[in-house]
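**Student:** next one to model:
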Amino acid sequence: MTAIEFNYHINTFSDRLKGFAVSLTNNQEDAKDLLQETMFRAIKYREKYTSETNLKAWLYTIMKNIFINNYRRKSKTRIILDDSDENYLLNQQESAQTSVISDLAHQDIQNLLDNLEPSLREAFTRYVEGYKYKEISDELGIPIGTVKSRIFSARKILMSQIEALNA
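**Tutor:** Below you'll find the predicted structure:
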């Protein structure tokens, strides 16, 4: 599918996507921003879309993931009301200490992933990146049942190793 055809197809879903965005955000301006970010990412990652998959579902998934990520980002930001005469609103990001702890936890998890058996790591990382079982199966050239098994095994190993780190 050419870029022009792809743009035409995603534009046919813009009205439905806007309705979905409004239902997620409950705000017209935020919904417009969400729709714009969704369209931008769809165009940016056009090569990741395969023509055999459902374009509408792919776009809805992108929008839902953007909304969830923005929600998580906002929940980490605290708003403080300054009691001065001007009543400034201050956005305070997570503290440096929290950020360092988060980076350490991320690095620990990355190290655990790096230590997984390569076949488990390949399937698991693709699953975490948002690929469907069928897509992983086709890409790795293995049955879907094997993909599910590898993802399950990787999860199980990682969970036990994370518990061991926290103990």
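
**Student:** how many neighbours does residue 4 have?
**Tutor:** 8 (other CB atoms under 10 Å). To be clear about C-beta, it is placed using only N, CA and C from the backbone, and glycine gets the same treatment.

**Student:** ignore what I typed, I meant residue 127.
**Tutor:** Each residue near residue 127 was counted by other CB under 10 Å, and the total is 19.

**Student:** pretty sure it contacts residue 136?
**Tutor:** Yes - with contact defined as CB atoms under 8 Å, residue 127 reaches residue 136; the gap is 6.4 Å.

**Student:** now for these two: what residues contact both?
**Tutor:** Taking CB atoms under 8 Å, 6 or more residues apart in numbering as the criterion, residue 127 and residue 136 both touch residue 147.

**Student:** stretch 109-117: how far from the chain's middle?
**Tutor:** In terms of CA atoms, centre = their mean, to the nearest Å, the centre of stretch 109-117 is set 20 Å apart from its chain centre.

**Student:** with stretch 147-167 instead?
**Tutor:** 20 Å.

**Student:** so for that stretch, what gets flagged as buried?
**Tutor:** Of all the residues in stretch 147-167, those buried under the rule 16 or more other CB atoms under 10 Å are 147, 150-151, 153-154, 157-158, 161.

**Student:** need the contact partners of that stretch.
**Tutor:** Contact with stretch 147-167 is made by 108-109, 112-113, 116, 119-124, 127, 133, 136-137, 140, as judged by CB under 8 Å, 6+ apart.

**Student:** tell me the buried residues within those residues.
**Tutor:** So, by 16+ other CB under 10 Å, the buried ones in those are 112-113, 116, 120-124, 127, 133, 136-137.

**Student:** for stretch 160-167, what is the average pLDDT?
**Tutor:** For stretch 160-167, mean pLDDT is 77.

**Student:** over to stretch 57-65?
**Tutor:** Averaging pLDDT along stretch 57-65 yields 92.

**Student:** off-centre distance for that stretch?
**Tutor:** Chain-centre distance of stretch 57-65: 10 Å, with CA atoms, centre = their mean.

**Student:** for it, buried residues please.
**Tutor:** Residues of stretch 57-65 classed as buried by neighbour count (16+ other CB under 10 Å): 58-60, 62-63.

**Student:** how about the CA coordinates for that stretch, as CSV?
**Tutor:** Provided in CSV are the C-alpha atoms of stretch 57-65 (Å, rounded to 0.1, in the frame of the first residue of the first chain):
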residue,chain,number,x,y,z
ALA,A,57,-8.3,-2.0,15.2
TRP,A,58,-4.7,-1.0,14.7
LEU,A,59,-5.6,2.7,14.9
TYR,A,60,-7.8,2.2,18.0
THR,A,61,-5.0,0.3,19.7
ILE,A,62,-2.5,3.1,18.9
MET,A,63,-5.0,5.7,20.4
LYS,A,64,-5.7,3.6,23.5
ASN,A,65,-2.0,3.1,24.1
